[in-house]
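In: Build me a model:
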Amino acid sequence: MGLSLLLIDDDKVTLHIYQLFFEKTNYPGPIFQALNCKLAYNIIKANAHTPYLVVLDLATPEMDGWEFLNLVQKLPKSQIFVAIITGSQNVADRQKAETFVEVLEYYERPLTMEVCSRINEYAHALYVH
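Out: The predicted structure is shown next:
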(Lines give C-alpha, C1' and ligand atoms only; values in the text may rest on other atoms or scores of the structure.)
Protein backbone atom coordinates (compact mmCIF):
# COMPACT_ATOMS: atom_id res chain seq x y z
CA MET A 1 0.00 0.00 0.00
CA GLY A 2 1.35 3.44 -0.93
CA LEU A 3 1.07 6.92 0.48
CA SER A 4 -2.56 7.76 1.30
CA LEU A 5 -4.07 10.52 -0.83
CA LEU A 6 -6.53 12.90 0.84
CA LEU A 7 -8.56 15.08 -1.52
CA ILE A 8 -10.05 18.20 0.08
CA ASP A 9 -12.67 20.26 -1.74
CA ASP A 10 -16.09 21.58 -0.76
CA ASP A 11 -17.63 20.54 -4.09
CA LYS A 12 -18.72 16.88 -4.39
CA VAL A 13 -18.53 16.90 -8.19
CA THR A 14 -14.97 18.25 -8.08
CA LEU A 15 -13.98 15.56 -5.57
CA HIS A 16 -15.48 12.90 -7.82
CA ILE A 17 -13.56 14.23 -10.84
CA TYR A 18 -10.32 14.38 -8.83
CA GLN A 19 -10.86 10.81 -7.67
CA LEU A 20 -11.39 9.65 -11.27
CA PHE A 21 -8.27 11.50 -12.46
CA PHE A 22 -6.09 9.96 -9.78
CA GLU A 23 -7.51 6.50 -10.38
CA LYS A 24 -6.94 6.89 -14.13
CA THR A 25 -3.32 7.96 -13.52
CA ASN A 26 -2.84 4.92 -11.23
CA TYR A 27 -2.29 6.67 -7.90
CA PRO A 28 -0.21 4.16 -5.90
CA GLY A 29 -2.16 4.24 -2.62
CA PRO A 30 -5.60 4.54 -1.07
CA ILE A 31 -7.63 7.65 -1.92
CA PHE A 32 -9.83 9.45 0.62
CA GLN A 33 -12.08 12.50 0.30
CA ALA A 34 -13.09 15.32 2.66
CA LEU A 35 -15.61 18.07 1.92
CA ASN A 36 -13.78 20.56 4.15
CA CYS A 37 -10.49 21.12 5.92
CA LYS A 38 -11.94 20.53 9.38
CA LEU A 39 -13.02 17.01 8.42
CA ALA A 40 -9.67 16.37 6.73
CA TYR A 41 -7.76 17.56 9.80
CA ASN A 42 -9.80 15.22 12.01
CA ILE A 43 -9.03 12.30 9.67
CA ILE A 44 -5.31 13.06 9.83
CA LYS A 45 -5.35 13.57 13.59
CA ALA A 46 -7.21 10.27 14.14
CA ASN A 47 -4.66 8.44 11.98
CA ALA A 48 -1.53 10.16 13.26
CA HIS A 49 0.88 7.48 12.03
CA THR A 50 -0.46 7.44 8.48
CA PRO A 51 1.47 9.56 5.98
CA TYR A 52 -0.75 11.58 3.64
CA LEU A 53 -0.35 13.42 0.40
CA VAL A 54 -3.06 16.08 0.56
CA VAL A 55 -4.62 17.82 -2.44
CA LEU A 56 -5.88 20.99 -0.81
CA ASP A 57 -8.48 23.54 -1.86
CA LEU A 58 -7.73 26.70 0.13
CA ALA A 59 -11.34 27.94 0.24
CA THR A 60 -13.50 25.50 2.19
CA PRO A 61 -16.21 26.20 4.77
CA GLU A 62 -15.68 25.83 8.53
CA MET A 63 -11.89 25.91 8.19
CA ASP A 64 -9.90 27.29 5.29
CA GLY A 65 -6.72 25.82 3.87
CA TRP A 66 -4.45 28.24 5.71
CA GLU A 67 -5.89 27.28 9.09
CA PHE A 68 -5.57 23.62 8.09
CA LEU A 69 -1.90 24.11 7.22
CA ASN A 70 -1.24 25.90 10.52
CA LEU A 71 -2.81 23.01 12.47
CA VAL A 72 -1.02 20.31 10.50
CA GLN A 73 2.32 21.97 11.28
CA LYS A 74 1.65 21.42 14.97
CA LEU A 75 0.97 17.69 14.73
CA PRO A 76 3.74 15.61 16.30
CA LYS A 77 5.79 13.54 13.86
CA SER A 78 3.27 14.01 11.08
CA GLN A 79 4.17 13.06 7.55
CA ILE A 80 1.88 15.37 5.63
CA PHE A 81 2.72 16.56 2.14
CA VAL A 82 0.47 19.09 0.41
CA ALA A 83 -0.31 20.06 -3.16
CA ILE A 84 -2.52 23.15 -3.27
CA ILE A 85 -5.09 23.36 -6.07
CA THR A 86 -6.74 26.78 -6.11
CA GLY A 87 -8.66 29.20 -8.23
CA SER A 88 -6.69 32.06 -6.70
CA GLN A 89 -4.25 33.85 -8.94
CA ASN A 90 -3.13 35.98 -6.01
CA VAL A 91 0.68 36.18 -5.88
CA ALA A 92 0.49 36.68 -2.10
CA ASP A 93 -1.24 33.29 -1.74
CA ARG A 94 1.53 31.58 -3.69
CA GLN A 95 4.16 33.31 -1.55
CA LYS A 96 2.33 32.37 1.65
CA ALA A 97 2.15 28.74 0.50
CA GLU A 98 5.92 28.71 0.08
CA THR A 99 6.32 29.42 3.81
CA PHE A 100 4.88 26.01 4.71
CA VAL A 101 7.38 23.15 4.54
CA GLU A 102 4.50 20.73 3.95
CA VAL A 103 3.56 22.40 0.65
CA LEU A 104 5.25 20.68 -2.28
CA GLU A 105 3.42 22.45 -5.10
CA TYR A 106 0.92 25.21 -5.77
CA TYR A 107 -1.31 24.74 -8.82
CA GLU A 108 -4.01 26.95 -10.27
CA ARG A 109 -7.23 25.31 -11.39
CA PRO A 110 -8.21 23.39 -13.31
CA LEU A 111 -6.64 20.17 -12.13
CA THR A 112 -5.39 18.31 -15.19
CA MET A 113 -4.24 14.76 -15.83
CA GLU A 114 -0.71 16.17 -16.21
CA VAL A 115 -0.89 17.70 -12.72
CA CYS A 116 -2.26 14.41 -11.32
CA SER A 117 0.69 12.60 -12.90
CA ARG A 118 3.13 15.03 -11.25
CA ILE A 119 1.43 14.54 -7.89
CA ASN A 120 1.66 10.76 -8.42
CA GLU A 121 5.41 11.17 -8.96
CA TYR A 122 5.63 12.83 -5.54
CA ALA A 123 3.73 9.92 -4.03
CA HIS A 124 6.20 7.43 -5.50
CA ALA A 125 9.20 9.50 -4.37
CA LEU A 126 7.89 10.17 -0.85
CA TYR A 127 6.57 6.72 0.00
CA VAL A 128 8.90 4.89 2.37
CA HIS A 129 8.25 1.15 2.59
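In: other SSEs contacting the helix or strand bottoming out on mean pLDDT in the chain?
Out: Taking mean pLDDT, DSSP states H and E as the measure, helix 113-126 is the helix or strand of the chain with the lowest mean score, a mean of 90. Packing partners of helix 113-126 (3 or more C-beta pairs under 8 Å, 6 or more residues apart in numbering; DSSP states H and E): helix 12-24, strand 52-56, strand 80-86, strand 103-108. (Each C-beta comes from the backbone N, C-alpha and C, glycine too.)
In: Reformat these as TSV; add mean pLDDT.
Out: Converted to TSV, these look like this (pLDDT from 0 to 100):
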stretch	mean pLDDT
helix 12-24	95
strand 52-56	97
strand 80-86	95
strand 103-108	95
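In: Most tightly packed of those?
Out: Ranked by mean neighbour count, the helices and strands packed on helix 113-126 are led by strand 52-56 with a mean of 26 (mean count of other C-beta atoms under 10 Å).
In: what angle separates it from strand 80-86?
Out: Inter-element angle recorded for strand 52-56 and strand 80-86: 20 degrees (by axes from the mean of the first three to the mean of the last three C-alpha atoms, to 10 degrees).
In: elements contacting the very next helix or strand once past strand 52-56?
Out: Helices and strands here follow DSSP states H and E; after strand 52-56, the next one along the chain is helix 65-73. Packing partners of helix 65-73 (3+ C-beta pairs under 8 Å, 6+ apart): helix 37-46, strand 52-56, strand 80-86.
In: Tell me which of those sits nearest to Glu102.
Out: strand 80-86 (4.8 Å; C-beta to C-beta).
In: what residues does the helix or strand just after the closest one touch?
Out: Next in sequence after strand 80-86, counting helices and strands by DSSP H and E, comes helix 91-97. Outside helix 91-97, the residues that touch it by C-beta atoms under 8 Å, 6 or more residues apart in numbering are Leu58, Trp66, Ile84, Thr86, Val103, Tyr106.
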